[in-house]
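Asks: Give me a 3D structure for the following:
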Amino acid sequence: MSSAHFKSAAVAAALAAIEAGRPLEKAVLRDAVRALLSELSRSAPGRSVEVRVPPYGAVQCGAGPRHTRGTPPNVVETDPITWVRLATGRLAWSDATADGSVQLSGNRADISGYLPI
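Replies: Reported below is the predicted structural model:
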């Protein structure tokens, strides 16, 4: 894990639960998702792609044309557990997009170059 992951107790706790097959507390999962989204926005500055992890958060990231209103043209959406696994390198981008765990729209929606965080 990168140093950013060690700074978040929620990310560490979420990974431990996921890897052990234990259910996650909603607050832990929420905090882990938000910490990883925040790190993504820091490591991939910009506003070209919106990454959505309902119901816990969304960020805009990535270089390119800035989006300001309405539905963004470049969107990545996934569930919280998939996001934690993707962001920490426990799941490959290609596998997640192939099996439908991640939904993409727009020609800039491939954020695989920013993962794992």
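
Asks: For the rest of this, base every contact and every neighbour count on C-alpha atoms.
Replies: Noted.

Asks: OK, contacts around residue 102?
Replies: Under the criterion of CA atoms under 8 Å, 6 or more residues apart in numbering, the neighbours of residue 102 are 76-79, 82, 96.

Asks: Identify those among these that sit within helices.
Replies: With DSSP state H as the criterion, helices contain 82, 96 from among those.

Asks: want to throw the contacts of residue 102 into JSON lines with neighbour count, distance to residue 56 and pLDDT?
Replies: Rendered in JSON lines, the data for the contacts of residue 102 read as follows (neighbours: other CA atoms under 10 Å; distance: CA to CA, whole Å; pLDDT from 0 to 100):
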{"residue": "76", "neighbour count": "20", "distance to residue 56": "14", "pLDDT": "97"}
{"residue": "77", "neighbour count": "19", "distance to residue 56": "12", "pLDDT": "98"}
{"residue": "78", "neighbour count": "20", "distance to residue 56": "11", "pLDDT": "98"}
{"residue": "79", "neighbour count": "16", "distance to residue 56": "9", "pLDDT": "98"}
{"residue": "82", "neighbour count": "18", "distance to residue 56": "13", "pLDDT": "98"}
{"residue": "96", "neighbour count": "17", "distance to residue 56": "19", "pLDDT": "97"}
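
Asks: and which of the contacts of residue 102 is nearest residue 16?
Replies: Taking CA to CA as the measure, residue 16 lies nearest residue 82 of the contacts of residue 102, at 14.3 Å.

Asks: Could I get the pLDDT score of the spatially closest residue to the closest one that is not a sequence neighbour?
Replies: When the adjacent residues along the chain are set aside, residue 82 lies closest to residue 101, with 6.9 Å between them (CA to CA, 6 or more residues apart in numbering). According to the per-residue confidence, residue 101 scores 97 in pLDDT.
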